[in-house]
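[1] let me see the structure of the following:
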Amino acid sequence: MKTEWALEPIYKGIDDPSYQGDMKGLEELVEAYGKAVGEATDPEVAAEKLLLMEEEMTFKMYKLDLYLSLRQSVNTEDGDAIAQENKLMKIWSSAAPSLAASEKLLAQISDVDALAKESEIVKAYSFKLKEMKESATHLLGDDVEEMISAMDMTGGSAWARLQSFLTSVVKVDFDGEVVTLSEIRNMAYSPDVNIRKAAYEAELACYEKIEDSLAFAMNNIKNQVTMLSTKRGYESPLAMTLKQSKMSRETLDAMMEAIKEYLPKFREYLRKKAQLLGHEAGLPWYELFAPLGKSDKKYTVEEARDYLLTCFEKFTPEMSDMMKEAFDNQWIDFFPRKGKRGGAFCAGVPGMNQSRILTNYDGYFGSISTLAHELGHAFHNKQTENNRFLNQDYPMPVAETASTFNETHLGHNALANATGEERLSLLENDLMEKTQCIVDIYSRYLFETAVFEQCQDKFLMASDLKEIMLNAQKEAYGDGLDEKSMHPYMWACKGHYYSSGLSFYNFPYAFGNLFAVGLYGMFLKEGESFVGKYKEMLKNTPSCTIEQAGAMMGVDLTKKDFWMESLATIAETIEAFCQE
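    Below you'll find the predicted structure:
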């Protein structure tokens, strides 16, 4: 089985006539779109034409950008892709004023529902058009929008690329060798405590080489976001993020309040794990991912495939069929290597009914769980693939729902027939992941909130950022962790903090986890009848609010009740673990 993804189905290369044609075609579309917007005066008359042009233009842009970003994600020193990305961003930034002007014009449609009765295109995009009416007040002048888009290339986006570059090429000294940051972070899952501890120490040491550059990146990105959110009339960067997320503050607060109430329960788990590993003062950071029980088994890629296909056939054959296609047709780039970025992600490929998935596979069960997670994203992409193109992009919180649902299903089925040491291992693996998605995400939310607040008054040096991170970890983890062995550099290795267009990419993971736990409880009760309802909800996520998505599944997400029920389910797992 080939273990690197195939990009040739997208483009055979930068010199591919198809690539060159699309790049040229995009330039022409941007120009034609700008002309059409400039000539449009009546929003009702222009709506269908402008939406179709935006659809075609955005499709080409996304496909080109996807190809270039996928190339760079496995080779951050790909100079040709970087140069082409800069060219592409220049083309796209020139479309910014036209897109803003079109949005302002279409926001003037007096009655979207009435117009939708006359046009199937308008009907398909009625949610989008209604959103335009609500967000029009946050748009700035056309020339300002163009300037913002152009300057972001050498501003926030450039700082983000710097973080990605530095963390992918930084040299980590370990056991007489030089390894990558991805490799050293994967050692946190090693069954050997000496390797885990040494890797943790080597990881912290390597950040000293790049901490000042990353601190500059963090400060400049956060200040740019704050400035723009203020100029656009938002109360805060968080308010702007919630608007982007199609999520209400009531839902966020209800979830966070429920999480805060359950933090002591997660600390019980951490103290129990510390006890099992022989630690008295809480769990050291380097033991967070320490495997327990019979967890030293490693799976080949082929074994991982077979495991997943067998497991997800029990949910729906559609899922297992898609997984088989992903393995067979090179959707996945599995192993870490020099220049490849860390972590994992999934990206849909427009017009091909496929996705591309990056992992840093190490063979342990956690890597199978990561594959299940990313293939959940691919399943979500599959549900939206027949929507019109501008209705295929779903907001952050629900973006983590199908992925976490998959992790939940995998864990449930693995645990069903397990006993003894294997059962302990699976319980621990499940709680380890949920602690990351709930407790660590809570710490990241606290950290980013504090950074946005404090960087307005002073430049946050690396030492400041480390202190803020440690304070956030102490508040979230409490006595579950050993305060003498925490991770002051968690702000350095997480690319989510470095996006100029997407702040607070932390709470969506908690949302996705708890929403998925609740939905999985429904699946266990309803069986096959649940699947159709679930797929329909996923299909509609690009065209509804988060609260409406919850309502489709029969729950009110603005109330603590749903979140408390999901957390109570996790608490039962903690009780089972503590009794092992």
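[2] which of the residues in the helix or strand hosting Lys133 are buried?
    Using DSSP states H and E, Lys133 falls within helix 126-135. Buried positions in helix 126-135, judged by neighbour count with 16 or more other C-beta atoms under 10 Å: Ser126, Phe127, Lys128, Leu129, Glu131, Met132. C-beta: built from backbone N, CA, C; applies to glycine.
[3] how close does the third one sit to Arg337?
    Using C-beta to C-beta, to the nearest Å, Lys128 is found at 40 Å from Arg337.
[4] what do you get for the fourth one?
    Using C-beta to C-beta, one obtains 45 Å as the distance from Leu129 to Arg337.
[5] over to the second one?
    Counting by C-beta to C-beta, the separation of Phe127 from Arg337 is 42 Å.
[6] now do the helices in the stretch 51-200 of the chain.
    Assigned by DSSP state H, counting those that start in this stretch, the helices in the stretch 51-200 of the chain fall at 79-93, 96-106, 112-116, 120-124, 126-135, 142-154, 156-169, 181-186, 193-207.
[7] now the angle from the first one to helix 96-106?
    Between helix 79-93 and helix 96-106, the angle formed by their directions is 40 degrees, by axes from the mean of the first three to the mean of the last three C-alpha atoms, to 10 degrees.
[8] what about stretch 446-456, distance to the chain center?
    21 Å (C-alpha atoms, centre = their mean, to the nearest Å).
[9] return the set of buried residues in that stretch.
    Buried, per 16+ other C-beta under 10 Å, within stretch 446-456: Leu446, Phe447, Glu448, Thr449, Ala450, Val451, Phe452, Gln454, Cys455.
[10] could these go into TSV alongside secondary structure?
    Listed next are the buried residues of stretch 446-456 as TSV, based on DSSP: H, G, I helix; E, B strand; the rest coil:
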residue	secondary structure
Leu446	helix
Phe447	helix
Glu448	helix
Thr449	helix
Ala450	helix
Val451	helix
Phe452	helix
Gln454	helix
Cys455	coil
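[11] Met319: which of these is nearest?
    Nearest to Met319 among the buried residues of stretch 446-456 is Glu448, at 33.3 Å by C-beta to C-beta.
[12] what's the nearest residue to that closest one if we skip its chain neighbours?
    Leaving aside its sequence neighbours, Glu448 sits nearest to Phe504 (C-beta to C-beta, 6 or more residues apart in numbering; 5.8 Å).
[13] cool, and Glu55?
    Per C-beta to C-beta, 6+ apart, closest to Glu55 is Phe389, 5.0 Å.
[14] give the contact list for that neighbour.
    Residues in contact with Phe389, defined by C-beta atoms under 8 Å, 6 or more residues apart in numbering, are Glu55, Thr58, Phe59, Pro350.
[15] what distance do you get for it to Ser135?
    On the measure of C-beta to C-beta, Phe389 and Ser135 end up 20 Å apart.
[16] could you say which helix or strand contains Ile357?
    strand 354-358.
[17] which stretches of the protein form strands?
    Here the chain has its strands, by DSSP state E, at 172-174, 177-179, 332-333, 345-349, 354-358.
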